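A.B. asks: Turn this into a structure:
(2 chains)
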Amino acid sequence: MKYGKIDPALLSMKQYDADTSAGALILGDIGDISYNYDEKTGFTVELVRHVRIKVFNSKGFHTANFKIPYYTSGDLKEKVSRIKATAYNLDAGNKIVETDIDKANIFTEEISSKERSQNFSVPNVKNGTVFEVEYHIISDIIWEIRTWEFQSTVPSLFNELRVSIPEYFIFKTLMKGYLTPVVSDVTNDTQTIFITNDDGSKSPILCNNLTKKLKFENIPALKEEPYMNAISNYISSIEFEIASVNLPFTKKDYTTTWEKISYNLWNDEDFGTQLKRNCPIKEEAEMLKTAYPDPKERMIKAFELIRNSMTFNDRYGIYITKTLRKAWEDKKGKASDINLLLVSLLNEIGIEADPVILSTRKNGILHPAQIMLTKFNYVIAEARIGTEKFLLDATDKKLSFSLLPERCLNGKGRRITQTPDLNDWVPLSVNQQNERLLYMQTTVKPDGNISGDFNLMETMYFAYDRAELIKEENSDEDYITEFESETNGLQINEFTIENIDDRSQPLVMKYKADYLLSDGSIKDIIYVNPTLGEGITSNPFTTEIREFPVDFILPWSSKIINTITIPDGYTIAEMPKNAVISLPDQLGNYRYTIGATGNQIQLMCVVNIRTSQIISANYPDIREFYSRIVAKNAEMVVLKKI
Amino acid sequence: MRHIFCFILNGLLGFITITGQVSAQELAVSNIPETLLRGANSVVRDRAVTISLTGDGQYIHRESIKLTIINEKALDLAHLKIFYNTGEKVVFRTAAVFNSDGVKIKSIKQSDMADYSAAGASTIYSDARVIYYQIVPVSYPFTVFYDYEIAYNNLYFFETFSSYISDYQSVENSSLTIINTAGIPLSIKKQNIPENVRIAESEATETWKFSNLPPLTDEPLMPQLVEVVPLIRVAPVYIKYDNFEGRSDSWANYGKWIARLSTGRKSLGVSTVSMLNQMTSKASSQREKVRIIYKYLQSKTHYISISLGIGSIQPHEAFSVDELGYGDCKDLSNYMVSMLDAVGIKSYYTIVNSGEGQYSFQKDQPGHQFDHAIVCVPLGNDTTWLECTSQISPFGYLGTFTDNRNVLVIKDDSGELVRTPEYTINDNYINSRIVVDHSADGTAAHGTISFSGLMMDDEVFAANKNTKDQIAWLNKRLDIKDFTLINHRYNILEDPKPVIRLDVELALKSFFTGANGRLFASLNLNNMIDVPARVRSRKHQLYIPYSYQSSDTVTVNMPAGYKPEQLPVSSVNDERFGSYSMKTVYEEGYIICIRKFELFKGTHAPEEYNAFYEFMQKAAIADSKQLVLIQEP
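C.D. replies: Got it, this is the predicted structure:
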């Protein structure tokens, strides 16, 4: 792909056959990353990007807008230079007309004191245009290489990255996504660099470069689906993390083994060193020690002390802000400040504890084979009492000690410890499931309306999520109003909500309500849905094929029990039959059990999902499972006037 | 640039108060009267906004605010957020946090504040910036105290002063002072001013003071908050922006000033002019010419904002927009006017207060009240309005963004206030005709759904998305419990009025449910009635912004061996709010169900909300009635 050489056929291209609805098509996107050596300034790393795009219609116009952010703080800077942008269009006589960007139309935005951005839109982009853009980013930050994405929200014909790295820099790489490259090879070449000796003279050194080339072809556009983890987990990309720098003149080792990472972190001023110092929470620690001889109780009280005292500033990262003492004085900080403070307090009161570092759900799934510290963005605490282990995160006042925030439930975390035997992965969710139980005692009236007593109990994140919704409203009454409007005909007359703030207990909502289902006239035949339309009533999995796993985050169960009293003078003419629907491999099941005694009908309807994730291969099964549940849950009891 | 009631602590609000010490007692939460505390998430303890006119076409806006945050729902209001533009100077006097006893716990230094670009995603460059400091509260309640001023270089509008700055807020004291020693003529408008406002006037200083305003509640389907809260709007009568001076004592004069901003910015290259003429040479009517050029605009431009200095109110030259193929609403509208000019059609650059901004528009206070530009094309008795920033908007379609409001049409040397068309009940409709069939393979449905008027707003976007996104949208949009979309097609029809027609083909699972020889089916496939929230004690008026109607016909071919047991029939009427009816008839072999629903626009007393809720509830019950079929013996 040579800048300025455009095949005229591209300009008359009307659509992309593999995805006719695409508004634009990336004809090619090439990245070239290399290290340059200058005798005076040493190494810099340079990225050259050249991208060419075909625009079919206005849906693709946005691809012509570019914002290239770069870092500008301190001595180490990035520089964006040699921006070229050209649009190619056909004129009335079918001749190619080129429009180059004018420098005056490239703007520098000062995003913040540390970051700027070069912004421009390629001129003269309209239906049918082909345009191309090329730019260079030269960086002094030689231990960082930008993540390169092979996939975009529009489809691409090809995407290629060439990375050439001198032998002195050892990077780990992480490939993400579901796509397979058509080219993936590694070659070697050499370049000569000069180093300055102590006497000022220069010596040439022959430096080996390792060049890696990756190429993808016919890349589909990325799209989101329901029940999907963060899209960044699936976009095809390559990330780089420095492992070591081994220049002929200096030597610095970054990361290699877990033992080394653990050792380094323990000796890092912003991490382990803090834990080796005296715990800043002295008085309270003494009090906890005397007041709670039982270690588990002591641990819970210590956890609650930190959780209740400290305010989380919504910032992540594994390193602390300043010192633990400062965090405790300010009573606020990052997750790392709060949870390292907890580790420190636990150790102080005689409970064995270590930090566990992890990657939050949005930050992406960790690949255990990749030893890359930059993949981690969060710290929690692990406490150990005898053989029992507890994972603790004191950042959220609405969560009890037994529950981590949902953002943490992302596979495994890594324990950072000075005890070699414990230097290992820690599963972040074990033996946990979300539960919902709706217990109803209802009476059918001769007009078909229903009234009754309801008792909704939820545990874990089901309870947490509802508590969040309740707290978003201005009063519990406002929440009940919201809750009512989710169900057709539901009118709540009296209610109580228990344990909104205590996640060690289930959240309980008790209410007396009417289901207004009829116009009020007395009926000869009454049709009653014994589930009252609670439970699964529609299928969220509407598409036939799915690329990404269905992510429920945790296994879950939902149970509906309804005891229905039928009106006097009516008899049960018909009832649904019992049913069991199962997912393969014990992934889950559904049970519908119904029976009648006298004027009462008893229904029990249970869904059990025993896995947190359903892989794409099982997608047709979960879709069919929901389909059959929807049909079964819609079945009616028929009552007839005697 | 926007001149609307802003529900964030806005940097363009400013005051003079006693600098120096705040006594601990003064800010203690215990001093807040119980009537102001109950139901409030925040309390304005003392706020003073001062506008000081310096007489040289500049002014200083000072904001001093002591705001108590009662709980985390109001935390967003606590953060310091000062919006300003490059070139305007911000000076700090105080930024501090106090605990619930009124004791100062933190002073915020200017070096702790961040200064960010406030440009949005489709802005390539803007002067807009924000000074920001995030508050992380250790406990609630707490109080923030900010006192700062911004010096403005141009005198062409002042931010509206609102007694409240958020909902669920009460106000102990809040005031606006205007210091105008130079005697610059101002237009001052007051709205919803309660009786306890004291007005202290001297020759050069005027103060309006609001005290003890109760918590402001927010309810569904109510008038805009901007219409119900006490406001004071101040506008200069003489305006100046850079070297552009003018008067805004009438819409004509204000229009004249705006017209001058685009003087000499409408020329196009010779080749463009001849190309446009050639393009429209075969058009059968003037309207057809306008359509051709509008389509051309949509195919070759897109929205991008680049605003430096006066660029926030002045359009770029038409020839440069022609070359670049992008611009903002002003640039693209001015370009459209220029192109129509080139083919001999007179049209007008028109400025408008978009979206909900219409509710704060003051017809009798000429001046800067606009945030958007469109084009007005008078064609005989029929005026066509063009939204020039959208590549997908049907020709002549305005939608809820710019419909039914006062806009200023900029004539060559004047301005004229005109109303954009209203979409009535005859325009706003969703009509559907769907046929349901069964075979051994299952149940299938096919048919069309038509959207018109304001009902098109969402569908215009959907119609222009790619197939995958359309499928995702329809999967959410259709009220069917379990289905697979087999085929669909959006058709955008433009004559005589824009309509979007959607053709669909679906495979239905569990259309019929039931066992033991009895089948149940819901006959509503695309248009369930949403019951509004049951508000227990309504405080505000009920406001329904526009009328609309829907009409749906579903034909169900009878499965063999069944006959109807229940045919849903019902009707609900309330002349204040609308009507609902469902009629189902059984004919040999099939069932036809016709549903109609009408909702009327209007403003009603708070007491009528319950009746409205009941009307909607009854309509929804009627709408959920099922068809029941029974196996013939």
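A.B. asks: Quick check: beta-bridge partners of A:Asn455?
C.D. replies: Beta bridges link A:Asn455 to A:Tyr439, A:Lys510, judged by DSSP bridges.
A.B. asks: That one and chain B, how far apart?
C.D. replies: 21 Å (CB to the nearest CB, to the nearest Å). All C-beta atoms are positioned from the backbone trio N, CA, C, and that covers glycine.
A.B. asks: Would you indicate which residues of the host helix or strand of B:Asp458 are buried?
C.D. replies: Assigned by DSSP states H and E, B:Asp458 belongs to helix B:457-463. Neighbour-count burial for helix B:457-463, counted by 16 or more other CB atoms under 10 Å in any protein chain shown, picks out B:459-460, B:462-463.
A.B. asks: Please see if it touches chain A.
C.D. replies: No - Helix B:457-463 stays clear of chain A (CB under 8 Å from any CB of the partner chain), getting no nearer than 11.0 Å.
A.B. asks: Name the residues that touch that helix?
C.D. replies: Surrounding helix B:457-463, the residues in contact under the criterion CB atoms under 8 Å, 6 or more residues apart in numbering or on different chains are B:392-394, B:397, B:399-400, B:451, B:469-470, B:473-474, B:477, B:490, B:492, B:500, B:502.
A.B. asks: roughly how far is that helix from the heart of the chain?
C.D. replies: From the chain centre to the centre of helix B:457-463 is a distance of 17 Å (CA atoms, centre = their mean, to the nearest Å).
A.B. asks: List the buried residues in the following helix or strand past that helix.
C.D. replies: With elements assigned by DSSP H and E, the helix or strand that comes after helix B:457-463 is helix B:467-477. Neighbour-count burial for helix B:467-477, counted by 16+ other CB under 10 Å, picks out B:468-475.
A.B. asks: May I ask you to name the longest strand in chain A?
C.D. replies: The residue-count maximum for a strand in chain A (DSSP state E) belongs to strand A:202-219.
A.B. asks: what is the mean pLDDT for that strand?
C.D. replies: For strand A:202-219, mean pLDDT is 87.
A.B. asks: just for chain B, where's the confidence low?
C.D. replies: Under the criterion pLDDT under 70, the flagged ranges of chain B are B:1-24, B:195-196, B:198, B:200-201.
A.B. asks: And the residue of it that's closest to chain A?
C.D. replies: Across chain B, the shortest distance to chain A (CB to the nearest CB) belongs to B:Gln391, at 3.1 Å.
A.B. asks: wait, doesn't that residue sit right on A:His62?
C.D. replies: No - using CB atoms under 8 Å, B:Gln391 makes no contact with A:His62, being 10.2 Å away.
A.B. asks: Let me see the domain layout of the chain.
C.D. replies: With no chain named, the answer covers chain A. A:21-165+A:176-188+A:212-221, A:259-427, A:434-641 (automatic domain parsing).
A.B. asks: please go with chain B instead
C.D. replies: B:29-236, B:247-419, B:429-631.
A.B. asks: for the ones you listed, which one sits closest to A:Asp568?
C.D. replies: Among the domains of chain B, domain B:429-631 comes nearest to A:Asp568, with 22.6 Å by CB to CB.
A.B. asks: and the end-to-end length of the closest one?
C.D. replies: End-to-end distance for domain B:429-631, by CA to CA, to the nearest Å: 38 Å.
A.B. asks: got the contact list for stretch B:268-285?
C.D. replies: By CB under 8 Å, 6+ apart, the surrounding residues in contact with stretch B:268-285 are A:92, B:288-289, B:292-293, B:296, B:318-319, B:322, B:338-339, B:342-343.
A.B. asks: rerun at 7 Å
C.D. replies: Stretch B:268-285 has contacts (CB atoms under 7 Å, 6 or more residues apart in numbering or on different chains) with B:289, B:292-293, B:296, B:318-319, B:322, B:338-339, B:342-343.
A.B. asks: mind listing which of those residues are in helices?
C.D. replies: Counting by DSSP state H, the part of those found in helices is B:289, B:292-293, B:296, B:318-319, B:322, B:338-339, B:342.
A.B. asks: So in chain A, where's the weakest helix or strand by average pLDDT?
C.D. replies: Lowest on mean pLDDT, DSSP states H and E among the helices and strands of chain A sits strand A:252-253, with a mean of 54.
A.B. asks: Show the subsequent helix or strand relative to that one.
C.D. replies: Past strand A:252-253, the next helix or strand by DSSP H and E is helix A:258-266.
A.B. asks: Pull out the buried residues from whichever helix or strand comes after that next one.
C.D. replies: Per DSSP H and E, helix A:258-266 leads on to helix A:272-276 as the next helix or strand towards the C-terminus. Buried residues in helix A:272-276, counted by 16+ other CB under 10 Å: A:272, A:274-275.
A.B. asks: just how off-centre is helix A:272-276 within its chain?
C.D. replies: 30 Å.
A.B. asks: Show me what the mean pLDDT comes to for the helix or strand just after the longest strand of chain A.
C.D. replies: Using DSSP H and E, the helix or strand that follows strand A:202-219 in sequence is strand A:237-245. In this model, strand A:237-245 has a mean pLDDT of 83.
A.B. asks: Listing partners with orientation, what would you give for strand A:237-245?
C.D. replies: Paired with strand A:237-245 in the same sheet, following DSSP bridges, are strand A:148-149 (antiparallel), strand A:169-176 (antiparallel), strand A:252-253 (antiparallel).
A.B. asks: Distance to A:Tyr135 and mean neighbour count added to those, as CSV?
C.D. replies: Shown next, in CSV, are the strands paired with strand A:237-245 (distance: least, CB to CB, whole Å; neighbours: other CB atoms under 10 Å in any protein chain shown):
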stretch, distance to A:Tyr135, mean neighbour count
strand A:148-149, 14, 20
strand A:169-176, 23, 18
strand A:252-253, 30, 12
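A.B. asks: want to throw the ones you listed into CSV with distance to B:Met528?
C.D. replies: CSV is the format used below for the strands paired with strand A:237-245 (distance: least, CB to CB, whole Å):
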stretch, distance to B:Met528
strand A:148-149, 40
strand A:169-176, 41
strand A:252-253, 64
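A.B. asks: can you tell me which of the ones you listed the model trusts least?
C.D. replies: Minimum mean pLDDT among these: strand A:252-253, a mean of 54.
A.B. asks: could I get the ones in helices among the contacts of stretch B:268-285 as CSV with distance to B:Asn524?
C.D. replies: Shown next, in CSV, are the ones in helices among the contacts of stretch B:268-285 (distance: CB to CB, whole Å):
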residue, distance to B:Asn524
B:Lys289, 44
B:Ile292, 41
B:Ile293, 43
B:Tyr296, 42
B:Ala318, 50
B:Phe319, 54
B:Asp322, 50
B:Ser338, 49
B:Met339, 46
B:Ala342, 51
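A.B. asks: Quick check: the residue of chain B closest to chain A vs B:Tyr296, distance?
C.D. replies: 12 Å (CB to CB, to the nearest Å).
A.B. asks: now A:Lys103
C.D. replies: Distance from A:Lys103 to B:Tyr296, by CB to CB: 28 Å.
A.B. asks: more crowded one of these two?
C.D. replies: B:Tyr296 (18 against 8; other CB atoms under 10 Å in any protein chain shown).
A.B. asks: Can you say which helix or strand has B:Arg287 in it?
C.D. replies: Here B:Arg287, judged by DSSP H and E, is contained in helix B:286-300.
A.B. asks: Who does the helix or strand following that helix pair with, and is each partner parallel or antiparallel?
C.D. replies: Scanning forward in sequence from helix B:286-300 by DSSP H and E, the next helix or strand is strand B:302-303. When sheet partners are counted by DSSP bridges, strand B:302-303 sits next to strand B:326-327 (parallel).
A.B. asks: Distance from the chain centre to the strand it pairs with, please.
C.D. replies: Relative to its parent chain, strand B:326-327 has a centroid offset of 23 Å by CA atoms, centre = their mean.
A.B. asks: do stretch A:511-520 as well
C.D. replies: In terms of CA atoms, centre = their mean, the centre of stretch A:511-520 is found 40 Å from the chain centre.
A.B. asks: do stretch B:199-212 as well
C.D. replies: The answer for stretch B:199-212 is 33 Å, by CA atoms, centre = their mean.
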